[in-house]
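K.L.:
Take a look and give me a structure for this.
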Amino acid sequence: MARRGAIDDADWPSFALVTELTDTNEAGKAKPWKVTDAPDDYVRASLKAIVGIEIPIRVMVGKWKASQNRSPADRAGVVTGLREAGQGDAADLVSD
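P.N.:
Alright, predicted model coming up:
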């Protein structure tokens, strides 16, 4: 039976899982950060502090939130940041 809810298990958020998540989210950056850039004792302590959550998904509903409540200068900054990120969907949001 699959676990559901909070998972307070030091072995569950494995080094491999955290590394994969980090690599995925850092991939489009000019200087991607790697988990191995941090000291081993810091990584071990961080893994112990992570509490995972498994939630069964029954329905997904999206909502468009694109800083429309912000000032023109803030929105321009968001556009610049997304263009510079160059990460697939993020860059596509501001394509001309």
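K.L.:
Show me where this protein has its helices.
P.N.:
15-26, 40-49, 72-85, 88-93 (DSSP state H).
K.L.:
And the ones you listed: which comes nearest Val61?
P.N.:
helix 88-93 (17.9 Å; C-beta to C-beta). Quick note: C-beta positions are derived from backbone N, CA and C, even for glycine.
K.L.:
Can you tell me the centre-most residue of the chain?
P.N.:
With distances taken as C-alpha atoms, centre = their mean, the chain has Asn25 as the residue nearest its mean C-alpha position (5.5 Å).
K.L.:
so what pLDDT did that one get?
P.N.:
At Asn25 the predicted local confidence, pLDDT, stands at 93.
K.L.:
cool, Ala10 as well?
P.N.:
At Ala10, the pLDDT recorded in the model is 65.
K.L.:
residue ranges with poor pLDDT in this structure?
P.N.:
Applying pLDDT under 70 to the chain flags the ranges 1-4, 10, 13, 86-88, 90-91, 94-96.
K.L.:
Having no further points to raise, I will conclude here.
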